[in-house]
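> Please find the sequence and the predicted model below.
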Amino acid sequence: MKVKLRKYGIEVNMKNIPHKLMKFVEKRGDKFYIHRLAALYLVDKEIDFNGLQLYRHLDINTLIKKFAKYDPHIFSKYLIYRDLMDRGYVATEGYGRGIDLLVYDRGDFPDKPPSIRIIGIEEGDKISINQLLNEVYLGSLNKKKIIIAVIERRGEIVYYKLNEFKVSNLSDDTL
């Protein structure tokens, strides 16, 4: 099996990828890639990928530097990705806006589409209420739950679920 470091991840030349490893693979055209976040995860956790031990040939710092050329948020995305994978979820890169991931409910991959969209925010970053409301609206159109993942300075992740809310018939004395 040959591997090449590419923009989308690590290109692998494989004919038959085992079902249990498909959560790490993305097909683009006729080529297969271990997507960037998965490559970082496999190296960080020293996981054997169908006989390919990436951690023996690559280190996580090299991969982060390489992938940061294409995605400046790669490390923050990875922190969330690793946390989700460790909790038993399957996650993939999202729509490409900032720190954005799509997550499958447990047991849904690969038969159903992802049902959760994670929007990552690093502690101290600002996000407007209008932007959050817009994300909730877009999430409802795409049938996705919206969850904000706040990355604390120590690298811990705190998750907040956003829901649509309606304001009606409020008077001064009800506040």
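Yep, it's here. Numbers count the residues shown, from 1 in each chain.
> can you pull out the helices in this protein?
Here the chain has its helices, by DSSP state H, at 36-44, 60-68, 74-86, 129-141.
> Adding distance to residue 5 and mean neighbour count, write those out as JSON lines.
Backbone N, C-alpha and C define where each C-beta goes, glycine included. Below are the helices of the chain laid out as JSON lines (distance: least, Cβ to Cβ, whole Å; neighbours: other Cβ atoms under 10 Å):
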{"stretch": "helix 36-44", "distance to residue 5": "9", "mean neighbour count": "23"}
{"stretch": "helix 60-68", "distance to residue 5": "6", "mean neighbour count": "16"}
{"stretch": "helix 74-86", "distance to residue 5": "13", "mean neighbour count": "20"}
{"stretch": "helix 129-141", "distance to residue 5": "33", "mean neighbour count": "13"}
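> among the ones you listed, where is the model least confident on average?
If you rank the helices of the chain by mean pLDDT, helix 129-141 sits at the bottom with a mean of 85.
> among the helices of the chain, which is nearest residue 121?
Among the helices of the chain, the nearest to residue 121 by Cβ to Cβ is helix 74-86 (9.0 Å).
> list the buried ones in the helix or strand of the chain with the lowest mean pLDDT?
Lowest mean confidence among the helices and strands of the chain (mean pLDDT, DSSP states H and E): strand 3-6, at a mean of 81. Burial within strand 3-6, assessed by neighbour count using 16 or more other Cβ atoms under 10 Å, is assigned to residue 3.
> Parallel or antiparallel, list what pairs with it.
When pairing is defined by DSSP bridges, strand 3-6 lines up against strand 9-12 (antiparallel).
> got the CA coordinates for the strand it pairs with in PDB?
Written as PDB, here are the backbone C-alpha positions of strand 9-12 (Å, rounded to 0.1, in the frame of the first residue of the first chain):
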ATOM      1  CA  GLY A   9      -5.400  14.100   3.700                       C
ATOM      2  CA  ILE A  10      -3.400  11.100   3.000                       C
ATOM      3  CA  GLU A  11      -4.000   9.400  -0.300                       C
ATOM      4  CA  VAL A  12      -4.100   5.700   0.000                       C
END
